[in-house]
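Peer 1: Task: produce atomic coordinates for the following.
(one chain, ligands or ions: 2)
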Amino acid sequence: MAFQFTKIAVKVGSNVLTRRDGTLDVTRVSALVDQIAELRKAGVEVVLISSGAVASGRSEIKVSRKLDSVQQRQLYSAVGQAKLINRYYELFREHGIAVGQVLATKESFSTRRHYLNQRNCMRVMLESGVIPIVNENDTISVTELMFTDNDELSGMIASMLDVQALIILSNIDGIYNGSPSQPGTSVIREVEQGKDLSDYIQTEKSGFGRGGMLTKTTIARKVADEGITVIIANGKKDNVLLDLLQHPDETVCTRFVPSSEAVSSVKKWIAHSEGFAKGELHLNEQAVKAVKGKKAVSILPVGVVSIEGEFEKDDIVKIMDARGRQIGVGRIGVDSAEAREMLGMHGQRPLVHYDYLYLD
Ligand SMILES: Nc1ncnc2c1ncn2[C@@H]1O[C@H](COP(=O)(O)OP(=O)(O)O)[C@@H](O)[C@H]1O
Ligand SMILES: N[C@@H](CCC(=O)OP(=O)(O)O)C(=O)O
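Peer 2: Ligands and ions are numbered 1, 2, ... in the order given. Got it, this is the predicted structure:
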C-alpha cells in the first residue's frame, strides 16, 4: 500500500495513552503499535516520541509519605517508563520489529556535539531497522533542564532527522477556531505559513498533558517553517495514523503547510536552541532593518549597541531589537570579552555570520 510520506515522526501525548483513571490504556498502545507496524512493513520509517511515563507510573505505586511535585514526577516516571517501554517492546516484537529506548534531556541538544551524538544514535537505529521510542528523561530533567513538554522534544527530533512529516497525536481532533467545548467551533483544517492562531488557543490543557495547545502550535509553526508537514490529530480515534496517511482529505486534523525553502542542518539546530542562549546582542534600528531584509546579512559589531551575558565562541545568543524584543537566535563567532571589545566598531568580522543566524 502506498503512503503519502516515507519518513515520519509520530508524537503520542499522555492523554492518548492513559485511561480516565490514569492507568495505561494497553488497548490504545496496542492499536497504535499495529498501525506503526503496518507503516513499517510498507517501507515507511517511523520515529516514535511517546509520553505516558508519569501517567503510567502514577497508578503503579502507592507512596507512604508526602512527595513534592518534582519527586513525584521523578518517581512515577522511573517506574512508568520501564512499564511503558516494556509494553512497546513486547507489542512490536509480535510484529517482528525491534525497538530501542532513547531518553533525552535538553542537554542532549545543547551543543552542536551533543546534538550530533544524539542524531548519530538515532540514525544508526533507523538504518538498522530499529524503531527509536523517544521520551524525555523525566528522572533527571528538572526545572530549567526540562523541555516545555514532549511536543517541543518531538519538534527537535523531527527537525534533526529530516522527516517529511511530524504527526502530533493528542486527545482532540486538531486546533479549534475557539474553545473546543463551545458549540459552533470547528477544527481548522489547514494553517498556511504565517497565519496567526493566537486568538483561538486557550491555555487549558487536557487531564494529564503538560504544555497544552499553545506549545503544539508554536512548535508546529517552527517545524513547518523548516519544510516539514505538521499534523495535529486525535490519537484516540481508531486507525487514525493510517487514515491520515492514506486518506488525508477525509481525515479530520489540522495540517500546517510546510515552507518550500530548504533550511541547513546547522540552522535547524540553532532554531531549536533558544533555551540554551548564554547571552544577548542588542542591535540598533539600522542593523535590525538590515538583518530582517530580503538579503542574507551577518550581524556586524557596528550594528550592536550592547551585549549581555558571558559566553564562549560558538555559544548560542539571543538577537534583540532596539526595543529589547527578541528577533532571533544565532551562533556567536567570538567570546563575550572579544565581542565587547569590538562593540560598535567598523570594519570588524561578523559577530554572527548569516549562516548561523535564525530569525523568528
Ligand atoms: N483552540 C484549541 N483547539 C484544540 N484544543 C485546544 C485549544 N485550545 C486549548 N486546547 C486544549 O489543548 C489540549 C491538548 O493539549 P495537551 O493537554 O498538552 O495534550 P497532550 O497530552 O496530547 O500533549 C486539548 O485537550 C484542549 O483542552
Ligand atoms: N515525559 C512525560 C510527558 C510529559 C508531556 O509532555 O506530556 P504531553 O503533554 O502529554 O505530551 C511522560 O512521559 O510522562
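Peer 1: What is the neighbour count of N117?
Peer 2: Neighbours of N117 under the rule other CB atoms under 10 Å: 11. In short, each C-beta sits where N, CA and C put it, glycine included.
Peer 1: Then it would be within a helix, right?
Peer 2: Yes: counting by DSSP: H, G, I helix; E, B strand; the rest coil, N117 is located in a helix.
Peer 1: residues contacting it?
Peer 2: N117 sits next to S108 when contact means CB atoms under 8 Å, 6 or more residues apart in numbering.
Peer 1: I'd like the distance between it and E107.
Peer 2: 11 Å (CB to CB, to the nearest Å).
Peer 1: Which residue ranges make up the domains of the chain?
Peer 2: Here the domain parsing of the chain from automatic domain parsing is 7-263, 277-359.
Peer 1: and these as CSV, adding mean pLDDT and distance to ligand 2?
Peer 2: Shown next, in CSV, are these (pLDDT from 0 to 100; distance: least, CB to the nearest ligand atom, whole Å):
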stretch, mean pLDDT, distance to ligand 2
domain 7-263, 91, 3
domain 277-359, 93, 22
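Peer 1: closest point of the stretch 251-360 of the chain to ligand 1, which residue?
Peer 2: T254 (8.2 Å; CB to the nearest ligand atom).
Peer 1: Kindly state the beta-bridge partners for that residue.
Peer 2: Using DSSP bridges, the beta-bridge partners of T254 come out as I232.
Peer 1: wait, what's in contact with it?
Peer 2: T254 makes contacts with G174, I175, V187, I188, R189, E190, V191, A220, I231, I232, A233, as judged by CB under 8 Å, 6+ apart.
Peer 1: what does L32 give?
Peer 2: Neighbour list for L32: V12, V16, L169, G235, L241 [criterion: CB under 8 Å, 6+ apart].
Peer 1: wait, R331 sits on L351?
Peer 2: No: the pair R331 and L351 fails to qualify as a contact (CB atoms under 8 Å) at a distance of 10.1 Å.
Peer 1: Between those two, which is the more surrounded one?
Peer 2: Using other CB under 10 Å as the criterion, R331 and L351 rank with L351 on top: 25 against 21.
Peer 1: sec struct for the nearest residue to T18 once chain neighbours are set aside, please.
Peer 2: Counting by CB to CB, 6 or more residues apart in numbering, A55 is the residue found nearest to T18 once chain neighbours are left out, at 4.3 Å. Under the three-state scheme (three-state DSSP), A55 adopts helix.
Peer 1: what's the burial count for A55?
Peer 2: Counted with other CB under 10 Å, residues neighbouring A55 total 25.
Peer 1: What of L343?
Peer 2: Residues near L343, counting by other CB under 10 Å, number 15.
Peer 1: In contact with it, which residues are there?
Peer 2: Neighbour list for L343: P301, V304, V305, S306, I307 [criterion: CB under 8 Å, 6+ apart].
Peer 1: again, only using 6 Å
Peer 2: The neighbours of L343, taking CB atoms under 6 Å, 6 or more residues apart in numbering as the test, are P301, V304.
Peer 1: measure I36 to E280 for me?
Peer 2: The value you get for I36 to E280, if CB to CB is used, is 42 Å.
Peer 1: returning to that earlier point: contacting ligand 1 as well, which ones from the contacts of L32?
Peer 2: With CB under 6 Å from any ligand atom as the criterion, those include none near ligand 1.
Peer 1: Narrow those residues to those in helices?
Peer 2: Among the contacts of L32, the members found in helices (DSSP state H) are V16, L241.
Peer 1: okay, among the contacts of L32, which ones form the most distant pair?
Peer 2: Pairwise distances across those peak at 11.1 Å for V16 and L241 (criterion: CB to CB).
Peer 1: Are we agreed that L244 is in a helix?
Peer 2: Yes: assessed with three-state DSSP, L244 lies in a helix.
Peer 1: Provide a PyMOL selection command restricted to the buried entries of the contacts of T254.
Peer 2: To isolate the buried members of the contacts of T254 in PyMOL, using 16 or more other CB atoms under 10 Å:
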select buried, resi 174+175+187+188+191+220+231+232+233
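Peer 1: Mind listing the strands the host helix or strand of V317 pairs with, and their directions?
Peer 2: Assessed by DSSP states H and E, V317 sits inside strand 316-320. Strand 316-320 pairs in its sheet with strand 279-283 (parallel), strand 326-331 (antiparallel), by DSSP bridges.
Peer 1: Now that we have the ones you listed, can you turn them into a markdown table and tack on distance to ligand 1?
Peer 2: Shown next, in a markdown table, are these (distance: least, CB to the nearest ligand atom, whole Å):
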| stretch | distance to ligand 1 |
| --- | --- |
| strand 279-283 | 30 |
| strand 326-331 | 24 |
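Peer 1: Mind checking these for the one nearest to G227?
Peer 2: When the strands paired with strand 316-320 are compared by CB to CB, strand 326-331 sits nearest G227, at 18.2 Å.
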